[in-house]
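[1] after the sequence you'll find the predicted model.
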Amino acid sequence: MSENRSLTFFVGALITSAVGAILLLATDLGGFNGSNYYLGVYLWGGIGSFSGVYGIPILLTAFLLLYCMAISILVLKFPEKIPDKKYIKYGLYAAAAAFILTIINGAIFAIVATDEEWWWWFDAGFYGGVIGGLLTAVFYYMGEKEVVLP
């Protein structure tokens with residue numbers, strides 16, 4: 001009974017980390033609009049994973065979530081061969097790091113956009129990183145508590 005329940009947590013971690021990584025890679029972290037109709041200046045855009053130097057921390061966050069996804073796949077594929085809980089701990093730490101890194105990236109984006117006096121918003125990449133990182137960490141924590149070692 002306990003093994004099936006712990007596997008359910010790892011399925012949840014697999015889904016949330018995959019969705020979070022896909023949203024980080026495919027969509028923007030945030031968007032901005034600095035247009036001024038009266039001056040005839042039109043400026044808008046977004047910060048995403050392929051936005052040059054600004055995309056490096058976003059790519060790192062997506063890589064951490066992909067790493068969590070790989071750990072979940074390994075635990076689900078070979079549940080009897082988990083030698084100890086260290087891989088699950090690594091996944092928990094990676095998911096927590098992805099969550100924190102997304103919050104930091106979002107805060108930096110918000111500060112810069114506010115300083116430039118632009119209209120700005122968080123996009124799907126931000127929410128994918130925050131929700132994906134947080135839920136993956138919760139699932140790994142719950143799965144680690146339920147895993148029974150031989």
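    Great, that's in hand.

[2] so how far is the top helix by length along the chain off the chain centroid?
    Secondary structure of the chain per DSSP state H: the longest helix is helix 86-115. Averaging C-alpha positions (C-alpha atoms, centre = their mean, to the nearest Å) puts helix 86-115 7 Å from its chain's average.

[3] now for it, which elements pack on it?
    Counting by 3 or more C-beta pairs under 8 Å, 6 or more residues apart in numbering; DSSP states H and E, the packing neighbours recorded for helix 86-115 are helix 2-26, strand 28-33, helix 56-77, strand 119-122, helix 124-146. No exception for glycine: its C-beta is placed from N, CA and C like everyone else's.

[4] now with 6 Å?
    Helix 86-115 makes packing contacts with helix 56-77, helix 124-146 when contacts are defined by 3 or more C-beta pairs under 6 Å, 6 or more residues apart in numbering; DSSP states H and E.

[5] now the longest one: buried residues?
    When you say that, I think you mean helix 124-146. In terms of neighbour count (16 or more other C-beta atoms under 10 Å), helix 124-146 has its buried residues at 125-144, 146.

[6] so which elements touch that helix?
    On a contact count with 3+ C-beta pairs under 6 Å, 6+ apart, helix 124-146 meets helix 2-26, strand 28-33, helix 56-77, helix 86-115.

[7] by how many degrees do it and helix 56-77 diverge?
    40 degrees (axes from the mean of the first three to the mean of the last three C-alpha atoms, to 10 degrees).

[8] and the pLDDT at the residue nearest the centre of the chain?
    Nearest residue to the geometric centre of the chain (C-alpha atoms, centre = their mean): residue 129, 2.9 Å. For residue 129, the model assigns a pLDDT of 95.

[9] the spatially closest residue to it that is not a sequence neighbour: neighbour count?
    Nearest residue to residue 129, sequence neighbours excluded (C-beta to C-beta, 6 or more residues apart in numbering): residue 102, at 3.3 Å. Residues near residue 102, counting by other C-beta atoms under 10 Å, number 30.
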